[in-house]
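J.: With the input below, show me the fold.
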Amino acid sequence: MPDLSLPDKAKVTNAARVSEANSRERPPSVDALARAIGDIDLPHAVLVDCARRSIEGGTDYEVVARRYAQDFEGALIGEVINATGVLLHTNLGRAPYAGVSGTRALSVEYDLAEGVRGSRHDAISEMLRLLTGAEAAIVVNNNAAAVLLVLAALAEGRSVAVSRGESVEIGGGFRIPEVMARSGARLVDVGTTNRTRLSDYSEAARELGDDLALVLKVHPSNFEVSGFIEDTSIRELTSVGVPVIADLGSGLLDNNAPWMPAATRPLPNWISDEPGAVQALNDGADVVMFSGDKLLGGPQCGIIAGRADLIERCARHPLMRAMRPGQHALVPLQRVLLSYLIRGVIEEVPFWGMVAVAVDELETRAASIIEAANVGEIRATHSVIGAGAAPGATLPSVAVVVPGDVSRQLRMRRPVPIVGRVAEGHTWLDLRTVHPDDDQGVAAALSDLVR
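T.: Take a look at the predicted model:
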């Protein structure tokens, strides 16, 4: 049999080739790879984890590790420039507001005059009394919590009448029937999807007798029904003979909007037709619930306001402890309410500043951005309110439009990402939702894209 083994010299050469191939395929050390992506501003422990996952995955180690790190960085909650044209963008935190700052302790539940434990609700309740006419108010984590707490405190084990047209589901799977079930109250549907009359509620009251605890009126939030429709007003519902509670949802304090400047009058329908807390209470609602981070323009929270005895029952319910907000919500809410009372709402509450800005001012800003960036064109567009408030309402606006889809490059920009929208093969940056202080940053981002 012939000898098929390689000569010694050939064996050495082949071994060298195998060693070289293995060297090319051998992954770098985890630490070395983590340091290679160290220009990404993340803790070293996170970069090490990204490196380890990349090495476990196979090839293109640095490329993959860098992508993992960028994905982690993008998942962190941080400031962005909202250029989408959605004033209350749920995914971008809804209403922008000034948060808690500084390192000192806060008198959240401390009575400075007496030196004893105080209430976190007293001052806010007093401000809401002045702003809405309610006898008392408390604050919880969000409006869904407000609805759940009111139902549990005022109707557990009893029936609550709701129009079939208002037995709705809103964002995040919040369904009135399911919330009602969790509260311990029993849902009683009245009327039909498109028409519910006072007689429907009255008939339910006659049939249920003392078992009927409340009538609940629900804001439709993110949809509207038109055509052959009829509903029953809060004023009419007060004749049913049980407390009327109203989920106003959107958080408009007063649909006369006395804080709006003269130039914006007459008010657009999305304001004047929106149910306001002042109007609901004046019409006879015993309790109203609404969001703090929508048309009110503050932090995420839920406000419960109305008759003092009913608010007291809510405040003493065991669920209240689980739902009460901390300083992160109470301090900015206090600041926003003070703005409605003694400061300029347009200047102090960013949401209403976005609403009030004139189109010609937006055009001037757009022209300055385009001149500085040397790219883009001005186009008319329409902004929307968002967050389930004033469904269908739009505001005329102005956008800086650049060719192509550069939305990812803008979102990946640091230190402050820019979130726009893509339509008609172009990237649109709606300036109604961009604070004027960020115009220079937008121009710099667009200029960098050109370079």
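
J.: Give me the domain ranges for this structure.
T.: Residue ranges for the structural domains of the chain, counted by automatic domain parsing, are given in the record as 10-75, 81-96+353-450, 110-348.

J.: per-residue confidence averaged over the last one?
T.: To tie it back to what came earlier, the one meant is domain 110-348. Per-region confidence: domain 110-348 scores 93 on mean pLDDT.

J.: gap between Ser368 and Glu361?
T.: From Ser368 across to Glu361, the span is 11 Å (Cβ to Cβ, to the nearest Å). (C-beta placed from N, C-alpha, C; glycine too.)

J.: sorry, back to before: quick one, which of the domains of the chain is nearest to Gly102?
T.: domain 110-348 (9.9 Å; Cβ to Cβ).

J.: Quick one: end-to-end distance for the closest one.
T.: With Cα to Cα, to the nearest Å as the measure, the ends of domain 110-348 fall 27 Å from one another.

J.: Please apply the same query to stretch 318-332.
T.: Distance between the two ends of stretch 318-332: 26 Å, counting by Cα to Cα.

J.: from the chain's centre, how far out does that stretch sit?
T.: 17 Å (Cα atoms, centre = their mean, to the nearest Å).

J.: Check what contacts it and list those residues.
T.: Stretch 318-332 has contacts (Cβ atoms under 8 Å, 6 or more residues apart in numbering) with 97-100, 106, 108, 120, 124, 138-141, 145, 148-149, 152-153, 292, 298-301, 314.

J.: Can you lay out the domains of the chain as TSV showing mean neighbour count?
T.: Below are the domains of the chain laid out as TSV (neighbours: other Cβ atoms under 10 Å):
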stretch	mean neighbour count
domain 10-75	14
domain 81-96+353-450	18
domain 110-348	19
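
J.: And Asp439, which helix or strand is it part of?
T.: Counting by DSSP states H and E, the element that carries Asp439 is helix 439-450.

J.: which strand of this structure spans the most residues?
T.: Longest among the strand segments of the chain by residue count, using DSSP state E, is strand 394-403.

J.: Figure out how far the very next helix or strand once past that strand is from the centre of its chain.
T.: Next along the chain after strand 394-403, taking DSSP H and E as the criterion, comes helix 407-411. Using Cα atoms, centre = their mean, we find the averaged C-alpha position of helix 407-411 to lie 21 Å away from the chain's own average C-alpha position.

J.: Check stretch 71-86 too.
T.: When distances are taken as Cα atoms, centre = their mean, stretch 71-86 is centred 13 Å away from the chain's centroid.

J.: Compute the first-to-last residue distance for it.
T.: Start and end residues of stretch 71-86 are separated by 24 Å (Cα to Cα).

J.: Which phi and psi values does Gly404 adopt?
T.: In terms of degrees, to the nearest 10, the main-chain angles of Gly404 are phi 80, psi 170.

J.: How about the contacts made by it?
T.: Contacts here follow Cβ under 8 Å, 6+ apart; on that basis Gly404 touches 425-427.

J.: Just send those residues back as JSON lines, with pLDDT too.
T.: What follows is those, written out as JSON lines (pLDDT from 0 to 100):
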{"residue": "Gly425", "pLDDT": "95"}
{"residue": "His426", "pLDDT": "97"}
{"residue": "Thr427", "pLDDT": "98"}
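
J.: In strands, which of those appear?
T.: For the contacts of Gly404, the ones inside strands are 426-427, with DSSP E as the criterion.

J.: Could you single out the nearest of the contacts of Gly404 to Glu114?
T.: Here the nearest of the contacts of Gly404 to Glu114, counting by Cβ to Cβ, is Thr427; it sits at 58.0 Å.

J.: ok, that closest one - contacts?
T.: 401-407, 410, 420-421.

J.: Let me see the contact set for the nearest residue to Ser250 once chain neighbours are set aside.
T.: Taking Cβ to Cβ, 6 or more residues apart in numbering, and ignoring the residues beside it in sequence, Ser250 has Ala389 as its nearest neighbour in space, at 3.9 Å. Applying Cβ under 8 Å, 6+ apart, we find Ala389 in contact with 88, 221, 249-252, 274, 294-295.

J.: separation between Cys50 and Ala69?
T.: From Cys50 to Ala69 the distance is 5 Å (Cβ to Cβ).

J.: who's in contact with stretch 261-276?
T.: By Cβ under 8 Å, 6+ apart, the surrounding residues in contact with stretch 261-276 are 219, 246, 248, 250, 252-257, 260, 295, 346, 355-356, 358, 385, 389-390, 392-393, 395.

J.: if we go to 6 Å?
T.: 248, 252, 254-255, 257, 356, 390, 393 (Cβ atoms under 6 Å, 6 or more residues apart in numbering).

J.: and these, which of them are in helices?
T.: When helices are assigned by DSSP state H, the members of these inside them are Ala356.

J.: Make a markdown table from the contacts of stretch 261-276 and add distance to Leu128 to it.
T.: Listed next are the contacts of stretch 261-276 as a markdown table, based on distance: Cβ to Cβ, whole Å:
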| residue | distance to Leu128 |
| --- | --- |
| Leu248 | 13 |
| Leu252 | 14 |
| Asp254 | 12 |
| Asn255 | 16 |
| Ala257 | 17 |
| Ala356 | 23 |
| Ala390 | 22 |
| Ala393 | 25 |
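
J.: so which of the contacts of stretch 261-276 would you say is closest to Glu79?
T.: Comparing those against Glu79 with Cβ to Cβ picks out Ala356 as the nearest, at 22.8 Å.

J.: show me where pLDDT drops low in the stretch 1-150 of the chain?
T.: Judged against pLDDT under 70, the low-scoring parts of the stretch 1-150 of the chain cover residues 1-25.
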